[in-house]
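J.: Sharing a sequence plus its predicted fold:
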Number of protein chains: 2
Amino acid sequence: MPQQSKHLFAAVPTADEVTKAHERIHGYVHRTPLLSSAAINQLIGANIFFKCENFQKVGAFKSRGAVNAVFSATAEQIQHGVCTHSSGNHAQALARAAKLRGIPSRIVMPETAPKVKVSAVKGYGGQIVFCAPTLSDREATLKGVMAETGAFEVHPYNDLAVITGQATCAKEVYEDSNGSPDVVITPVGGGGLLSGTLASTLAWSPHTKVYGAEPSGADDAYRSLKAGEWIPSINPITIADGLLTSLGSNTWPIIRDHVSGILTADETYIVQAMRLIWERMKLVTEPSAAVPLAALLQLRGERRFQPFQNKHIVIILSGGNLDPDRIPWNQS
Amino acid sequence: MPQQSKHLFAAVPTADEVTKAHERIHGYVHRTPLLSSAAINQLIGANIFFKCENFQKVGAFKSRGAVNAVFSATAEQIQHGVCTHSSGNHAQALARAAKLRGIPSRIVMPETAPKVKVSAVKGYGGQIVFCAPTLSDREATLKGVMAETGAFEVHPYNDLAVITGQATCAKEVYEDSNGSPDVVITPVGGGGLLSGTLASTLAWSPHTKVYGAEPSGADDAYRSLKAGEWIPSINPITIADGLLTSLGSNTWPIIRDHVSGILTADETYIVQAMRLIWERMKLVTEPSAAVPLAALLQLRGERRFQPFQNKHIVIILSGGNLDPDRIPWNQS
């Protein structure tokens, strides 16, 4: 875990850096569409567009950052391949990006990781290194891999090239939107997507308000922002397994200085939002991706929706990797 | 049930009629995208594009035909509203189309229809008339409604204006495809979508081969084509509840004279195709919509895929109305 509290200054990727990243990853990732639903707009009382990163390569926005990090690294840096620790979408995204550049990747995953995720990483050519399911063993194992192989670490969200890659998502939003959105909302876990979104907003749509959305059971970003200092995520409990982590030393300052607010959503609203996106948009989303809509539903339910009423809102639908055998409303 | 066997000649909608229908329904229906998946292409061994009618209004292509029928009818014809018998997507589509034109709709549905479908029709302003769940009572009830109210019948698939409306889907396919597709495959139940697709193919892409795909457990179109005469669907058994009906007197001759073939798919392949579209495309589809891909999977499995190998194929993903509480692979 980086020492977040020591970082006082936000290093926000510039318009030029994001534009270069966008050119770099072009051809390796999809330009995803903005979709909307009249039924959801009517239900919520706003004009919402969903940026469909569930259609992205490996099913999540993580492809953008991973490809940018792997392809912006120097040949010397990656002469022994890349590595990371992740049991989520970044693992697959990095394995795929490494394969595209023709280098090996080593992914540290807990022994408890679902088989479907392990085989997905293997399917992209990643070499799995198992560890015990604790943060300390995960970090120790990764250090061991780096020492042994000389592999170049690509952190899931704290790496600046990763943040810059994630920023390309909001860049496309601003290029493809009809008029400037009033509001953009992204899920927030480690903060890579939210930081990148803030970077592109500062560059291309400075009047747009950007919010992060996180589960009430993993509300470290909300608490950090309220306290004005970095607070880690301790024993988070949520179905949104992509949002368990704490903010990073590079993402926290960007969020602290530029975000308009952090919204939170209870578990029942997250499941309700997933179902709504399913029924009205015919889209499969993972729980993390449904959190921004869940937060809006909760604001409505609690009569705190006024600031968003009738606004032009873009929600980054961050990923679609929902296991068909683990649909939350069918779990006993 | 119309007397299908008496109809010897195919009345195929012309390019001019389909173009007029397309202009007529514009503004009331979505122009849906063509999406593809590199993973599915690799798995199947072809270049497949999915025409996403699951994104269509009311979640299915049926909106096209219903809107065209309602808006092409004369004011006199519809002075007492419209009516139909349907427990499926046509029911919602007709209720919605009637509401758009500001006229009442009466929908005959079996008492056994799922509550979710009944309330969807009511949500669009349709008046439900319940009947016993038999074909004879359904038809008798509809006749009663027509006699009593003077409502104008819009048949789910045998109405020529409905067929012409469904044809606009393939018209968009040909306008939006990069080069002429080698093959287009649609599900076939009553044959409205398949007939319309054949009409647009004759008009704009005469070298494209058009196939229907149906469940092995409801293979009346396959058997009709093989026998060269209309054979009704008797006791069909399939998860694809949109494809239970027999071909109509207006759809059968068009299909008989112009289709390149009827493919069939077993139930296990239909469920497999739904899962594949879920996992790889993040799209929710109803079982009927998965039948064309299921048929291709089965052809591969049975080593009969050669005619489709590496072809440019368009599949009409006909609808996405899958009840989140009735996911087939989660049923006990």
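T.: Happy to help now that I have it.
J.: Could you list every helix and strand in contact with the worst-scoring helix or strand of chain A on mean pLDDT?
T.: Of all helical and strand segments in chain A, the minimum by mean pLDDT, DSSP states H and E falls on helix A:115-123, at a mean of 90. Contact analysis of helix A:115-123 by 3 or more Cβ pairs under 8 Å, 6 or more residues apart in numbering or on different chains; DSSP states H and E lists helix A:89-101, strand A:105-110, strand A:127-131 as its packing neighbours. From N, CA and C alone the C-beta is placed, and that goes for glycine too.
J.: can you rerun that using 6 Å?
T.: On a contact count with 3 or more Cβ pairs under 6 Å, 6 or more residues apart in numbering or on different chains; DSSP states H and E, helix A:115-123 meets helix A:89-101.
J.: near chain B, which residues of the stretch 51-200 of chain A show up?
T.: With Cβ under 6 Å from any Cβ of the partner chain as the criterion, the stretch 51-200 of chain A comes near chain B at residues A:Asn54.
J.: quick one: the helices in the stretch 101-250 of chain A?
T.: Secondary structure of the stretch 101-250 of chain A by DSSP state H, counting those that start in this stretch: the helices cover A:115-123, A:135-149, A:160-176, A:192-204, A:220-227.
J.: what about A:Ala289, distance to A:Ile277?
T.: 8 Å (Cβ to Cβ, to the nearest Å).
J.: For the two, indicate the residue with more neighbours.
T.: More neighbours surround A:Ala289 than the other of A:Ala289 and A:Ile277, with 36 against 26 (other Cβ atoms under 10 Å in any protein chain shown).
J.: Now do the least confident helix or strand of chain A and strand A:105-110, the angle between them.
T.: 170 degrees (axes from the mean of the first three to the mean of the last three Cα atoms, to 10 degrees).
J.: Show residues contacting helix A:115-123.
T.: Contact with helix A:115-123 is made by A:91-92, A:95, A:107, A:128, as judged by Cβ atoms under 6 Å, 6 or more residues apart in numbering or on different chains.
J.: If we use 7 Å, what do you get?
T.: Applying Cβ atoms under 7 Å, 6 or more residues apart in numbering or on different chains, the contact partners of helix A:115-123 are A:87, A:91-92, A:95, A:107, A:109, A:128, A:323.
J.: Then stretch A:271-280?
T.: Taking Cβ under 7 Å, 6+ apart as the rule, stretch A:271-280 contacts A:37, A:39-40, A:283, A:285, A:287, A:290, A:293-294, A:297, A:328-329, B:284, B:324.
J.: Mind checking which of these land in helices?
T.: The helices in this structure, assigned by DSSP state H, contain A:39-40, A:287, A:290, A:293-294, A:297 from the contacts of stretch A:271-280.
J.: possible to save these as a markdown table with distance to B:Lys226?
T.: Conversion of the ones in helices among the contacts of stretch A:271-280 to a markdown table gives the following (distance: Cβ to Cβ, whole Å):
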| residue | distance to B:Lys226 |
| --- | --- |
| A:Ala39 | 43 |
| A:Ile40 | 45 |
| A:Pro287 | 48 |
| A:Ala290 | 47 |
| A:Leu293 | 49 |
| A:Ala294 | 52 |
| A:Leu297 | 52 |
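J.: quick one, domains of chain A?
T.: Split into domains by automatic domain parsing, chain A comes to A:3-59+A:159-330, A:74-153.
J.: most packed of these?
T.: Mean neighbours per residue, mean count of other Cβ atoms under 10 Å in any protein chain shown, is largest over the domains of chain A for domain A:3-59+A:159-330, with a mean of 21.
J.: Show me how far that one is from its chain's centre.
T.: Taking Cα atoms, centre = their mean, to the nearest Å, one finds domain A:3-59+A:159-330 lying 7 Å from the centre of the chain it belongs to.
J.: returning to that earlier point: of the contacts of helix A:115-123, which is the nearest to chain B?
T.: Checking the contacts of helix A:115-123 against chain B by Cβ to the nearest Cβ gives A:Asp323 as the nearest, at 8.7 Å.
J.: who touches stretch A:12-21?
T.: Stretch A:12-21 is contacted from outside by A:68, A:163-165, A:167-168, A:171, A:198-200, A:202-204, A:254, using Cβ under 7 Å, 6+ apart.
J.: Is the residue lying closest to A:Asn89 once chain neighbours are set aside bridged to anything, and to what?
T.: Excluding the flanking residues, the one nearest A:Asn89 by Cβ to Cβ, 6 or more residues apart in numbering or on different chains is A:Ala60, at 3.8 Å. Counting by DSSP bridges, A:Ala60 forms beta bridges with A:Gly319.
J.: tell me the contacts of A:Ala60?
T.: Under the criterion of Cβ under 7 Å, 6+ apart, the neighbours of A:Ala60 are A:53, A:89, A:93, A:318-319, A:321.
J.: again, only using 10 Å
T.: Taking Cβ atoms under 10 Å, 6 or more residues apart in numbering or on different chains as the criterion, A:Ala60 is in contact with A:53-54, A:66, A:88-90, A:92-93, A:193, A:242, A:286, A:288-289, A:317-321, B:282.
J.: With A:Gly59 instead?
T.: If a contact means Cβ under 10 Å, 6+ apart, then A:Gly59 has A:53, A:89, A:92-93, A:120, A:284-286, A:289, A:318-322, B:279-282 as its contacts.
J.: ditto for A:Pro307
T.: A:Pro307 makes contact with A:182-183, A:209, A:211, A:260-261, A:299 under the criterion Cβ under 10 Å, 6+ apart.
J.: my read is it is in a strand, agree?
T.: No: according to DSSP: H, G, I helix; E, B strand; the rest coil, A:Pro307 belongs to no strand; its state is helix.
J.: ok, back up a step: who touches both of A:Ala289 and A:Ile277?
T.: Taking Cβ under 10 Å, 6+ apart as the criterion, A:Ala289 and A:Ile277 both touch A:50, A:54, A:283, A:315, A:317, A:320.
J.: quick one: the residue most central in space within chain A and A:Ile163, what's the gap?
T.: What sits nearest the mean C-alpha location of chain A, by Cα atoms, centre = their mean, is A:Leu193, with 4.5 Å. The gap separating A:Leu193 from A:Ile163 is 9 Å, by Cβ to Cβ.
J.: which neighbours do those two share?
T.: Any residue near both A:Leu193 and A:Ile163 by Cβ under 10 Å, 6+ apart counts here, and that gives A:65, A:157, A:251.
J.: and of those, the nearest to B:Ala151?
T.: Of all those, A:Gly65 has the smallest distance to B:Ala151: 57.6 Å, by Cβ to Cβ.
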